[in-house]
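Trainee: Dropping a prediction and its sequence here:
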Amino acid sequence: MKSAILALALSLAVTVTAQEFLYDPPESYYPDQSESFKLVVVSSNGTVNGSTLSACHSGAAIETLCLSNVGSPSKPSDIPATPFNFNVSSSETTNTTNGPGLITYLLRGGNFNASSPMQFSYNPGSNVVTAELSPSATGQEVSFDQNGLLYISSYYDDTKPDVPFNGELTKLYRWYACNQYFGGYRYFSLAWVMGEGKPQNPTCVKVDVKRVAL
Ligand SMILES: *[C@@H]1O[C@H](CO)[C@@H](O)[C@H](O)[C@H]1NC(C)=O
Ligand SMILES: *[C@@H]1O[C@H](CO)[C@@H](O)[C@H](O)[C@H]1NC(C)=O
Ligand SMILES: *[C@@H]1O[C@H](CO)[C@@H](O)[C@H](O)[C@H]1NC(C)=O
Ligand SMILES: *[C@@H]1O[C@H](CO)[C@@H](O)[C@H](O)[C@H]1NC(C)=O
Ligand SMILES: *[C@@H]1O[C@H](CO)[C@@H](O)[C@H](O)[C@H]1NC(C)=O
């Protein structure tokens, strides 16, 4: 009897621990936050070059990263740049200058604030991925290089199936600005293109994204 109670007590203890582990994550996986900055589009296309990025309403608590200074059906005139932050983990191998980490936008509600990281929204019908912002503890991990340009690290190049992963990361800069339909809105907004090919959306313009202090 005693051992049965002990076994029950142990199994309950294990259950509680597992639940804490599974359902009670740390308050933030990316608690270290940079100062605010703006994101500026750099492009050989003079129309989009120099535009900043803004959080443009694209649904309930969802925004896309539209080009502040490029007109689109859902945003005909210029709007101010949105301040963004860069959140990184507390690991010693990351910092708020280079990352990797999350670009975050502070969504302000009437009586709440919600940290909204940049994440990718995939459309299985396209190789063009929409960058969006919505409240979450996680998002798309990105980094900034020594020139402040935004990139994503790739650890495995599947165009060369015989080359094993050798621990080297490749910096990818597959950013585009495209006229994108998302959540019922149409903005000229930031996108990522999957793979080495050209974006299938014919409005996409190749860009880089630069972090500039406010
Ligand atoms: C980013 O950091 C701030 C400050 O620590 C924190 O309040 C916020 O929740 C963090 N955002 C995410 C997505 O972790
Ligand atoms: C883009 O803008 C930068 C400064 O904002 C300027 O130095 C550069 O010449 C511009 N390039 C083009 C192609 O317009
Ligand atoms: C530059 O971008 C604008 C805005 O999307 C586009 O209308 C124009 O065709 C582009 N110019 C070139 C040379 O690609
Ligand atoms: C941030 O980390 C990178 C590489 O991990 C390093 O080169 C850089 O000096 C660090 N910067 C700061 C401000 O600590
Ligand atoms: C939301 O954040 C802003 C800016 O950091 C702050 O001034 C405001 O008090 C916050 N509101 C709430 C409800 O926490």
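Mentor: Perfect, I can see it now. Ligands and ions are numbered 1, 2, ... in the order given.

Trainee: C-alpha only now, for contacts and for neighbours.
Mentor: OK.

Trainee: Which stretches in the chain count as helices?
Mentor: Under the criterion DSSP state H, the chain carries helices at the ranges 2-23.

Trainee: ok, the residue in the chain that ligand 4 sits nearest to to Ile103 distance?
Mentor: As assessed by CA to the nearest ligand atom, ligand 4 sits closest to Asn95 within the chain, at 4.9 Å. Using CA to CA, to the nearest Å, one obtains 13 Å as the distance from Asn95 to Ile103.

Trainee: Over to Phe188?
Mentor: 19 Å.

Trainee: Neighbour count for those two, which is higher?
Mentor: Phe188 (27 against 24; other CA atoms under 10 Å).

Trainee: How about the more buried one, nearest residue that isn't a chain neighbour?
Mentor: Of all residues not flanking Phe188 in the chain, Asn179 sits nearest, at 4.2 Å (CA to CA, 6 or more residues apart in numbering).

Trainee: quick one, what contacts that neighbour?
Mentor: With contacts defined as CA atoms under 8 Å, 6 or more residues apart in numbering, Asn179 is in contact with 72, 186-189, 203-204.

Trainee: Show the low-confidence segments of this structure, by residue range.
Mentor: 1-26 (pLDDT under 70).

Trainee: give me the residue from it nearest ligand 5.
Mentor: Closest point on the chain to ligand 5, by CA to the nearest ligand atom, is Phe112, at 4.1 Å.

Trainee: Next, give phi and psi for that residue.
Mentor: phi -150, psi 160 (degrees, to the nearest 10).

Trainee: now it: how far from ligand 2?
Mentor: 36 Å (CA to the nearest ligand atom, to the nearest Å).

Trainee: how many other residues sit next to that residue?
Mentor: Using other CA under 10 Å: Phe112 sits among 7 other residues.

Trainee: Can you tell me which residues in this protein are near ligand 4?
Mentor: 93-95, 97-98 (CA under 6 Å from any ligand atom).

Trainee: partners of Ala55 in the sheet?
Mentor: Assessed by DSSP bridges, Ala55 has beta-bridge partners Leu65.

Trainee: no no, Val41
Mentor: Val209.

Trainee: what sits against it?
Mentor: Val41 touches 48-53, 207-210, counting by CA under 8 Å, 6+ apart.

Trainee: In strands only, show me the residues you listed.
Mentor: Mapping the contacts of Val41 onto strands (DSSP state E) picks out 53, 208-210.

Trainee: Can you tell me which of the residues you listed comes closest to Asp145?
Mentor: Lys210 (9.5 Å; CA to CA).
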